[in-house]
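Engineer: Have a look at this fold, sequence not included:
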């Protein structure tokens, strides 16, 4: 196993920025859990950085072996190298540069029954990540992240997905103004989660192909996108509050969408 | 309106720490939205700090008027005073010291139909806050925060509740090992969300009085508490992942619990 080079460290550190991710086509998976999910999903990796202490642990060694078997370069660094690359104090001595799968909404193909989740300007990385995690859990076919929200390849988002991001296509920088009409032409029924929507939400996914449109924390769904929806649905409030969290909303609706 | 004193500023700043909250019986509500929810819920306040610029805004002035009508001291500071008290850059020039309502589980009284949410060692402040927000939305009767998790009066938790914390009793430092048997004696059916539970989760709240037990992010529910549950329920996975987020789980289950 070779030592990590300065160039490799600089590459890994650059993935903390949007620009670095755009220029390299890579994003960061920090820690044992994410790297294990990445390996088990067969997600393509560019480079894995680990430490002597970490690879002495059987659970880390097992993950490294899977990366090596797939032909991924695994390099050794000092604990402070890993710490400087990773935002988290719990990286457990392993971080990977994952290769972005180039996915545009047009390139996706769907079965007769399909669920897509579309996010309009959801800004909080934890929320975007938790929506992706939830979509993966319920077997959604894709997540479309619109412009103006958190980059789904931001390390904070990736962490919050708990590995879900490796299990379904996630399109970023999507022009939802074009993507939603394309989905409708492909037979998708578009349901928008909207506090002023109809309280009959349980049947929202009755069509074979459905897209769930969710809006940002502060302003909800942009009016021109909301106008594209076939139906607006609200989860009835039985107590107090202005709204539900966007990931909680996604969970409640996706749980009801038996495919 | 009087100027804020050094002593008042020190008091407000102390609420960022657990010790400060314990010694004063107060906690922090930062920003216009939380303060507005606090005023509209009639939650007791000790002190409100604002700025000249903020109180010139009609929406802030309206909230300040409600606090003053309730006899709460409103004091004026400089923008940097508010910034030093508040974690958030979006405090909009208003923060309040809310008075904790002394709530122990034994002091709660419930109607014939009731839902209680119990949290065992949920560590992430955003998750605890989002569970409280969700419980408030669905009209739950109380949240019991067990020992070993995030303090529900931590400013990050309070922010994530989006004001929900002012709308239902939230007990902290609860000894769930004692509280769960007490709930059972009071006729509550205890349902534990557990990845190894039964997939028939939709009927979990069929009893008039139910308690939903949720575990921490890393280790789930402590075995001795899990043993107290009448039923263990799992939300079936239709895709990939090890688990759902705890607030998403709470939302899915509470949404299904029509009272």
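Structural biologist: That came in fine, so what should we check first? Just so you know, these numbers come straight off a predicted model, no measurement behind them.

Engineer: near chain B, which residues of the stretch 151-259 of chain A?
Structural biologist: A:162-164, A:167-168, A:235, A:237-245, A:247-252, A:255, A:259 (CB under 8 Å from any CB of the partner chain). Every C-beta, even on glycine, is put in place using the N, C-alpha and C of the backbone.

Engineer: In helices only, show me those.
Structural biologist: A:247, A:248, A:249, A:250, A:251, A:252, A:255 (DSSP state H).

Engineer: Tell me how many other residues surround the fifth one.
Structural biologist: Here the neighbour count serves as a burial measure; for residue A:251 (other CB atoms under 10 Å in any protein chain shown) it reads 31.

Engineer: Tell me the confidence at it?
Structural biologist: On pLDDT, residue A:251 comes in at 98.

Engineer: Skipping adjacent residues, who's closest to it in space?
Structural biologist: residue B:248 (3.7 Å; CB to CB, 6 or more residues apart in numbering or on different chains).

Engineer: need the contact list for that neighbour.
Structural biologist: By CB atoms under 8 Å, 6 or more residues apart in numbering or on different chains, the contact set of residue B:248 is A:130, A:134, A:247, A:248, A:250, A:251.

Engineer: all helices for chain A, in order.
Structural biologist: A:6-14, A:18-24, A:31-40, A:52-55, A:58-69, A:79-85, A:125-137, A:155-161, A:176-185, A:223-226, A:246-255.

Engineer: Might one say that residue A:254 is in contact with residue A:140?
Structural biologist: Yes: using CB atoms under 8 Å, residue A:254 is in contact with residue A:140, at 6.6 Å.

Engineer: Of these two, which one has the most company?
Structural biologist: residue A:140 (28 against 24).

Engineer: quick one: low-confidence ranges for the stretch 1-150 of chain A?
Structural biologist: Within the stretch 1-150 of chain A, the stretches with pLDDT under 70 are A:89.

Engineer: how does it look with 80?
Structural biologist: Residues of the stretch 1-150 of chain A meeting the criterion pLDDT under 80: A:87-91, A:102.

Engineer: And residue A:50, how close does it get to residue A:1?
Structural biologist: 8 Å (CB to CB, to the nearest Å).

Engineer: cool, residue A:250 as well?
Structural biologist: Distance of residue A:250 to residue A:1, given as CB to CB: 41 Å.

Engineer: which of the two has more neighbours?
Structural biologist: Set side by side, residue A:250 and residue A:1 show more neighbours around residue A:250, with 29 against 12, by other CB under 10 Å.

Engineer: Can I get the buried part of the residues of the stretch 151-259 of chain A next to chain B as one ChimeraX selection?
Structural biologist: Applying 16 or more other CB atoms under 10 Å in any protein chain shown to those, the buried members can be selected in ChimeraX as follows:
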select /A:162,163,164,167,168,235,237,238,239,240,241,243,244,245,247,248,249,250,251,252,255,259
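
Engineer: pretty sure residue A:181 contacts residue A:229?
Structural biologist: No: the criterion here is CB under 8 Å, and residue A:181 misses it with residue A:229 at 11.6 Å.

Engineer: Which of the two has more residues huddled nearby?
Structural biologist: Taking neighbours as other CB under 10 Å, residue A:181 and residue A:229 compare with residue A:229 leading, 21 against 12.

Engineer: Next, count neighbours for the nearest residue to the more buried one once chain neighbours are set aside.
Structural biologist: In space, not counting the residues next to it along the chain, residue A:229 is nearest to residue A:192; the distance is 3.7 Å by CB to CB, 6+ apart. Neighbour count of residue A:192, defined by other CB under 10 Å: 26.

Engineer: Report the contact partners of residue A:192.
Structural biologist: A:213, A:215, A:221, A:225, A:226, A:229, A:231, A:232, A:233.

Engineer: Redo these as TSV? Include pLDDT.
Structural biologist: Shown next, in TSV, are the contacts of residue A:192 (pLDDT from 0 to 100):
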residue	pLDDT
A:213	98
A:215	96
A:221	96
A:225	97
A:226	97
A:229	96
A:231	96
A:232	96
A:233	96
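
Engineer: Distance to residue B:155 added to the residues you listed, as TSV?
Structural biologist: As requested, the contacts of residue A:192 are exported to TSV (distance: CB to CB, whole Å):
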residue	distance to residue B:155
A:213	32
A:215	26
A:221	29
A:225	34
A:226	33
A:229	36
A:231	38
A:232	34
A:233	33
